[in-house]
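Chemist: A predicted structure for the sequence below; I have some questions about it.
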Amino acid sequence: AVPGRQAAFREGLEQAVRYAKALGCPRIHLMAGRVPQGADRIAVKAEMEAVFLENLRHAAGVLAQEDLVGLLEPINTRITDPQYFLDTPQQAAAILQKDIFHWQIMDGNLTGNIREFLPIVGHVQVAQVPGRGEPSSPGELNFPYLFQLLEDEGYKGFVG
């Protein structure tokens, strides 16, 4: 999503495709990039979104030819990376993979969000909140409930 870095994105994608094919990995995580240091997130949002969409269109064509799937992850900007561009599920609801750890921190309402957005999820990542611990560690999330919800809603993908 970083203006002027489209060529670097394409080079990185080519390298990721080579690695994925060599390892037999069917999915590639497509990073959105970081808001440049010193830039006002709101002021650069439209331009960064346009670059991100340009990069995703390119990636979609490349990945389709290689029979690979691209995954997106909104990363919370409160704890993990204050500069990351794609920071809420709502920002990228139509095109990204949901991440339960970041989703809980940024929005909560996991049951409603899972039910609404599960049809566009390509992969589910989990970590306990706060602290990004293992699902069995103490925290805010009730993983037995969430895993049952995913099953009840028909999710057949991987959970990492």
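Modeler: It's in.

Chemist: List the buried residues of stretch 112-128.
Modeler: Asn113, Ile114, Phe117, Leu118, Val121, His123, Val124, Gln125, Val126, Ala127, Gln128 (16 or more other Cβ atoms under 10 Å). (C-beta placed from N, C-alpha, C; glycine too.)

Chemist: Would you mind confirming that the last one makes contact with Asn142?
Modeler: No - checked against Cβ atoms under 8 Å, the pair Gln128 and Asn142 is beyond contact range at 10.3 Å.

Chemist: how about the spatially closest residue to Glu140 that is not a sequence neighbour, phi and psi?
Modeler: Closest residue to Glu140 in three dimensions, ignoring its sequence neighbours and counting by Cβ to Cβ, 6 or more residues apart in numbering: Val129, at 4.6 Å. Here is the backbone geometry of Val129 (degrees, to the nearest 10): phi -110, psi 140.

Chemist: what's the answer for the one 4 residues further on, then?
Modeler: The phi and psi values for Gly133, taken as degrees, to the nearest 10, are phi -80, psi 180.

Chemist: how many other residues sit next to it?
Modeler: 14 (other Cβ atoms under 10 Å).

Chemist: check contacts around it.
Modeler: Residues in contact with Gly133 (Cβ atoms under 8 Å, 6 or more residues apart in numbering) are Ala127, Gly139.

Chemist: what do you get for the one 10 residues further on?
Modeler: Contacts for Phe143 were tallied using Cβ under 8 Å, 6+ apart; they are Val126, Gln128, Pro135, Ser136.

Chemist: now Pro3
Modeler: Going by Cβ under 8 Å, 6+ apart, Pro3 touches Val44, Glu47, Met48, Val51.

Chemist: again, 7 Å this time
Modeler: Counting by Cβ atoms under 7 Å, 6 or more residues apart in numbering, Pro3 touches Glu47, Met48, Val51.

Chemist: Please render the residues you listed as a markdown table that adds neighbour count and pLDDT to the earlier fields.
Modeler: Putting the contacts of Pro3 into a markdown table (neighbours: other Cβ atoms under 10 Å; pLDDT from 0 to 100) gives the following:
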| residue | neighbour count | pLDDT |
| --- | --- | --- |
| Glu47 | 13 | 92 |
| Met48 | 22 | 92 |
| Val51 | 21 | 91 |
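
Chemist: Many thanks, we can stop here.
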